[in-house]
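[1] what's the 3D shape of this:
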Amino acid sequence: MTKLSVNINKIATLRNARGGNIPDLVKTATDIERFGAEGITVHPRPDERHIRYADVYDLKKVLTTEFNIEGYPSEDFIRLVCAVQPEQVTLVPDPPETLTSNAGWDTVKYKLFLKEVIATFHAAGIRTSIFIEPDVRLIENAVETETDRIELYTENYAKNYLADKKYAIAPYITASETAHQCGLGVNAGHDLSLENLKYFAQHIPYLNEVSIGHALISDALYFGLENTVQMYLSLIKN
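    Next comes the predicted model:
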């Protein structure tokens, strides 16, 4: 069954806009778990413009579902993840100044780098996933990094969904099938929403997890957080 991991970066962005602790990030995360989500995702950046490194430690103390930390594997990030020991780390190739993740790894060019980083996380007993485009060659080469999973970067699917959903999803079906054949687990994320998630989940085989943040937190402004989490769960469970 596909799991829903909720990215709470936007909650931290709202909190940081005024200082203080409103909204309470830790309480929101535990509420999201209570509402049915099966994981919490955070993406701490070096400038701590949303999730702070201290948040990561605070969340680890209270979370009862899967904790997924994503980010660029700088030395500081690697130390943080190894210290916290989440269930999963997702490696993204974006530099510090990037607004949001906007590309997947080139697993040919960065194969040796990724392999070394992943070995460090495996030594700490942490499952790894790498953010990647739905490109068969890159997925096949990801096997050599010894990652456990890939996370399919779904922006192009979301962008093309309304115009031609069959065309939009086709490369992701192939990518997921390829990953499964290579022995890799499959996650997915970026711009998945109430509008396009059900079709994606219905047609992507072997989908372990979706990570959703911006759309889900935005929808919660209209529908309420508990109801919104339930709405997203219903799309991937039914």
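[2] quick check: residue 142 touching residue 133?
    No. Residue 142 is beyond contact range of residue 133, at 10.7 Å (criterion: C-beta atoms under 8 Å). For glycine as for every other residue, the C-beta is placed from the backbone atoms N, C-alpha and C.
[3] these two: who's more crowded?
    Between residue 142 and residue 133, counting by other C-beta atoms under 10 Å, residue 142 is the more crowded of the two (27 against 21).
[4] residue closest to the middle of this protein?
    In the chain, the centroid-proximal residue (C-alpha atoms, centre = their mean) is residue 211; its distance is 4.2 Å.
[5] what sits closest to that one if chain neighbours are left out?
    Using C-beta to C-beta, 6 or more residues apart in numbering and skipping the chain neighbours, the partner closest in space to residue 211 is residue 189 (3.7 Å).
[6] surely the one you found and residue 212 touch.
    Yes. Counting by C-beta under 8 Å, residue 212 is a contact partner of residue 189 at 6.6 Å.
[7] quick one, strands of the chain?
    3-7, 39-42, 66-71, 88-91, 127-132, 149-153, 185-189, 207-212 (DSSP state E).
[8] got the phi and psi for the nearest residue to residue 229 once chain neighbours are set aside?
    Distance criterion C-beta to C-beta, 6+ apart; nearest residue to residue 229, sequence neighbours excluded, is residue 35 at 4.1 Å. Dihedral angles of residue 35 (phi, psi; degrees, to the nearest 10) stand at phi -80, psi -10.
[9] quick check: mean pLDDT of the longest helix along the chain?
    Taking DSSP state H as the criterion, the chain has its longest helix at helix 165-181. Taken as a whole, helix 165-181 has a mean pLDDT of 98.
[10] any figure for the gap between the residue nearest to residue 229 and residue 237?
    14 Å (C-beta to C-beta, to the nearest Å).
[11] higher neighbour count, those two?
    Between residue 35 and residue 237, counting by other C-beta under 10 Å, residue 35 is the more crowded of the two (17 against 12).
[12] what sits against the more buried one?
    The contact partners of residue 35, by C-beta atoms under 8 Å, 6 or more residues apart in numbering, come to 225-226, 229-230.
[13] again, but for residue 229
    Residue 229 neighbours (C-beta under 8 Å, 6+ apart): 4, 6, 32, 35-37, 216.
[14] ranking those residues by neighbours, who comes first?
    Busiest of those [other C-beta under 10 Å] is residue 6, holding 29 neighbours.
[15] touching, it and residue 209? I think so.
    No. Using C-beta under 8 Å, residue 6 is not in contact with residue 209; the gap is 11.1 Å.
[16] overlap in contacts, the two.
    With C-beta under 8 Å, 6+ apart as the test, residue 6 and residue 209 both reach residue 39.
[17] okay, stretch 168-187 in PDB with CA atoms only?
    Taking Å, rounded to 0.1, in the frame of the first residue of the first chain, the C-alpha atoms of stretch 168-187 are listed here in PDB:
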ATOM      1  CA  ALA A 168       1.900  13.000 -18.700                       C
ATOM      2  CA  ILE A 169       2.000   9.700 -16.800                       C
ATOM      3  CA  ALA A 170       3.500   7.400 -19.400                       C
ATOM      4  CA  PRO A 171       7.200   8.000 -18.600                       C
ATOM      5  CA  TYR A 172       6.500   7.600 -14.800                       C
ATOM      6  CA  ILE A 173       4.900   4.200 -15.400                       C
ATOM      7  CA  THR A 174       8.000   3.100 -17.400                       C
ATOM      8  CA  ALA A 175      10.300   4.500 -14.700                       C
ATOM      9  CA  SER A 176       8.500   2.700 -11.900                       C
ATOM     10  CA  GLU A 177       8.500  -0.600 -13.700                       C
ATOM     11  CA  THR A 178      12.200  -0.100 -14.500                       C
ATOM     12  CA  ALA A 179      13.000   0.700 -10.800                       C
ATOM     13  CA  HIS A 180      11.100  -2.400  -9.700                       C
ATOM     14  CA  GLN A 181      13.000  -4.600 -12.100                       C
ATOM     15  CA  CYS A 182      16.200  -3.200 -10.800                       C
ATOM     16  CA  GLY A 183      15.300  -4.000  -7.200                       C
ATOM     17  CA  LEU A 184      14.600  -0.400  -6.200                       C
ATOM     18  CA  GLY A 185      11.700   0.900  -4.200                       C
ATOM     19  CA  VAL A 186       9.700   3.800  -5.600                       C
ATOM     20  CA  ASN A 187       8.600   7.100  -4.000                       C
END
